[in-house]
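Undergrad: Okay, here's the prediction I keep looking at, along with the sequence it came from:
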Amino acid sequence: MRAPDVIAEALRSLGANRLRAGLTTLGVIIGVASVVLLMAIGAGTQASIHDEIERTGTNLVLVMPGAPASARPAAGPVRGLLTDEDARILADEGYGIVAVAPTVASVVRLASPAGGVSSTLQGVTDDFFAVRNWRLASGRSIVEEDLLTSSRVAMIGATVAENLFPGQDPVGAVLRVNEVQMEVIGVLEAKGRSMDGSDEDDVVLLPLTTAREQIIGRQGVTARSVGMVTVKIADSRRIEEGIAEIRDILRLRHALPPGQPDDFRLTNLAEMLSLQQEASAAMTRLLAAIASISLVVGGIGIMNIMLVSVTERTREIGIRMALGAEPRAILAQFLAEAVTLSVAGGAAGAGCGLLAAWLADSRFGLRALPSTEPLVLALLFATLVGLLFGIYPAMMAARKSPLEALRQD
């Protein structure tokens, strides 16, 4: 019996009971759809992390005050302090350092004639924009003169501009930051959401001196302290050398003797994001493996229905054998039916998975990037499930004797 004839006969047999055939494929449909959806969301998450790395740069090192957790006594306080002078010395003495941007941060209340909102305040220097690759949409940036005179000027993110100055150009408008009046001098280019889900455009930037002396300083912050120093290394391929250089400069600056732990923490931003990417990929593979269990359950359903089908069609099998059909032809037909059920379920599941990925991306804000590889793998796995779980019923059918047809009522 030729392969086209076997497939045609399998389709005819399955078409005789379409409802049962459809219900049998549900397990495979759910399994393939789950795998396709989870892999698409996982790929989207990794793409978002990659975009974050590209946006922030692969050559940034974050310096934060306080000893690393591993070097602190149990339940001990975070000790250490970073200052403007630390940042200046890093910029002056660091051989492989391009730029240094000290910052302070706090949550503040913003108000305009249109209303009020809470937002994130960052006190920055003029080097901040080059270090963090942040561009202007309109207006001007904070410059050195603003720092020297502690000018009451502010730059706002796109979200703040939309919330407090809807439908107008905020440049030149008055913004109240914790009841202190500031003139808006610039609007930042929109960046969107970061990997932790926070809105990067919900921010207001002030000159570092203004923020520390007139806003945050009121909360008891030490006069020249900063919350973080972002260091831009000249060559991203020599980031480890840059980290070692930063550590040596700061240890000397803080007069730390050999053997005493650092009183600051260094974080390679690109490495941290890469670790998040690896963790996301591992979690995606784990979830896809769990979802694949649905395929196994679907395969068991196919085997169960095929066993029932073999019992119901004993007379048909016996008559065909009596007319000269060989056991291998019977085996091929029932195996073709099992594989057809599985492949049809796989194709339907792939379509459902793609639809779910589109809905997740367009309606629910989850970035999903379907690709060909998961689709092909899911369909191949579905075919394999059909073969593995269809072989036993097919062998039972092939072992039937023509005499068994005579025993049927």
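TA: All right, it came through fine. Numbering: from 1, shown residues only.
Undergrad: Now do the helices in the stretch 51-200 of the chain.
TA: With DSSP state H, counting those that start in this stretch, the ranges of helices along the stretch 51-200 of the chain come out as 84-93, 128-131, 144-149, 158-164.
Undergrad: CA-only coordinates of the shortest one, as CSV, when you get a sec.
TA: The C-alpha trace of helix 128-131 is given here as CSV (Å, rounded to 0.1, in the frame of the first residue of the first chain):
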residue,chain,number,x,y,z
PHE,A,128,25.7,62.6,33.4
PHE,A,129,24.2,62.8,29.9
ALA,A,130,27.3,61.6,28.1
VAL,A,131,27.8,58.7,30.6
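Undergrad: for this structure, what spans make up the strands?
TA: With strands called from DSSP state E, the chain shows them at 60-65, 82-83, 97-112, 115-124, 136-139, 153-156, 174-177, 180-188, 203-207, 225-226, 228-233, 264-268.
Undergrad: Pick the most deeply packed of those.
TA: Neighbour counts (mean count of other Cβ atoms under 10 Å) averaged over each of these peak at strand 153-156, with a mean of 27. All C-beta atoms are positioned from the backbone trio N, CA, C, and that covers glycine.
Undergrad: Okay, now the sheet partners of it, with direction.
TA: Strand pairing for strand 153-156, determined by DSSP bridges: strand 180-188 (parallel), strand 203-207 (antiparallel).
Undergrad: out of those, nearest to residue 28?
TA: Of all the strands paired with strand 153-156, strand 203-207 sits nearest to residue 28, with 48.2 Å by Cβ to Cβ.
Undergrad: residues in contact with the closest one?
TA: 108, 110, 119-125, 128, 142, 146-147, 150-151, 153-157, 159-160, 175, 177, 182, 188, 215 (Cβ atoms under 8 Å, 6 or more residues apart in numbering).
Undergrad: how many degrees apart are that strand and strand 115-124 in direction?
TA: Taking axes from the mean of the first three to the mean of the last three Cα atoms, to 10 degrees, one finds strand 203-207 and strand 115-124 inclined to each other by 50 degrees.
Undergrad: State the number of residues packed around residue 287.
TA: For residue 287, the count of nearby residues is 17 (other Cβ atoms under 10 Å).
Undergrad: Nearest residue to it in space, please, no chain neighbours.
TA: Leaving aside its sequence neighbours, residue 287 sits nearest to residue 38 (Cβ to Cβ, 6 or more residues apart in numbering; 4.8 Å).
Undergrad: can you check residue 182 too?
TA: Per Cβ to Cβ, 6+ apart, closest to residue 182 is residue 154, 4.0 Å.
Undergrad: And for residue 24?
TA: Of all residues not flanking residue 24 in the chain, residue 305 sits nearest, at 4.7 Å (Cβ to Cβ, 6+ apart).
Undergrad: Now do that neighbour against residue 238, distance only.
TA: Residue 305 sits 63 Å away from residue 238, going by Cβ to Cβ, to the nearest Å.
Undergrad: same deal with residue 206?
TA: Residue 206 is 34 Å from residue 238, by Cβ to Cβ.
Undergrad: and what of residue 269?
TA: Counting by Cβ to Cβ, the gap from residue 269 to residue 238 is 15 Å.
Undergrad: between the two, which one's more packed in?
TA: Counted by other Cβ under 10 Å, residue 269 and residue 238 do not tie: residue 269 has more neighbours, with 18 against 14.
Undergrad: right, and residue 119 touches residue 110 too?
TA: Yes - applying Cβ atoms under 8 Å, one finds residue 119 in contact with residue 110, separated by 5.2 Å.
Undergrad: shared neighbours, those two?
TA: Both residue 119 and residue 110 are in contact with 160, 204, where contact means Cβ under 8 Å, 6+ apart.
Undergrad: I'd say the residue nearest to residue 182 and residue 181 touch.
TA: No - Residue 154 sits out of contact with residue 181 when judged by Cβ under 8 Å, with a separation of 9.7 Å.
Undergrad: what sits in contact with each of the two?
TA: Jointly contacting residue 154 and residue 181 under the rule Cβ under 8 Å, 6+ apart are residue 175.
Undergrad: Run a quick neighbour tally on the nearest residue to residue 213 once chain neighbours are set aside.
TA: In space, not counting the residues next to it along the chain, residue 213 is nearest to residue 150; the distance is 5.8 Å by Cβ to Cβ, 6+ apart. Neighbour count for residue 150, taken as other Cβ under 10 Å: 16.
Undergrad: and the gap between residue 150 and residue 249?
TA: Taking Cβ to Cβ, one finds residue 150 at 28 Å from residue 249.
Undergrad: Same check on residue 346?
TA: Distance of residue 346 to residue 249, computed by Cβ to Cβ: 59 Å.
Undergrad: And the two? Which one has more around it.
TA: A count of neighbours by other Cβ under 10 Å puts residue 346 above the other of residue 346 and residue 249, at 29 against 18.
Undergrad: contacting residues around the more buried one?
TA: Taking Cβ under 8 Å, 6+ apart as the test, what residue 346 contacts is 28, 29, 32, 378, 379, 381, 382, 383.
Undergrad: Run a quick check on the second one versus residue 349, I expect a contact.
TA: Yes - taking Cβ under 8 Å as the contact criterion, residue 29 and residue 349 are neighbours in contact, 4.1 Å apart.
Undergrad: of those two, who's got more company?
TA: Set side by side, residue 29 and residue 349 show more neighbours around residue 349, with 30 against 24, by other Cβ under 10 Å.
Undergrad: what angle separates the longest helix seen in the chain from strand 228-233?
TA: Scanning the chain for the helix with the most residues, using DSSP state H, yields helix 269-312. Angle, helix 269-312 to strand 228-233, by the same axes, to 10 degrees: 90 degrees.
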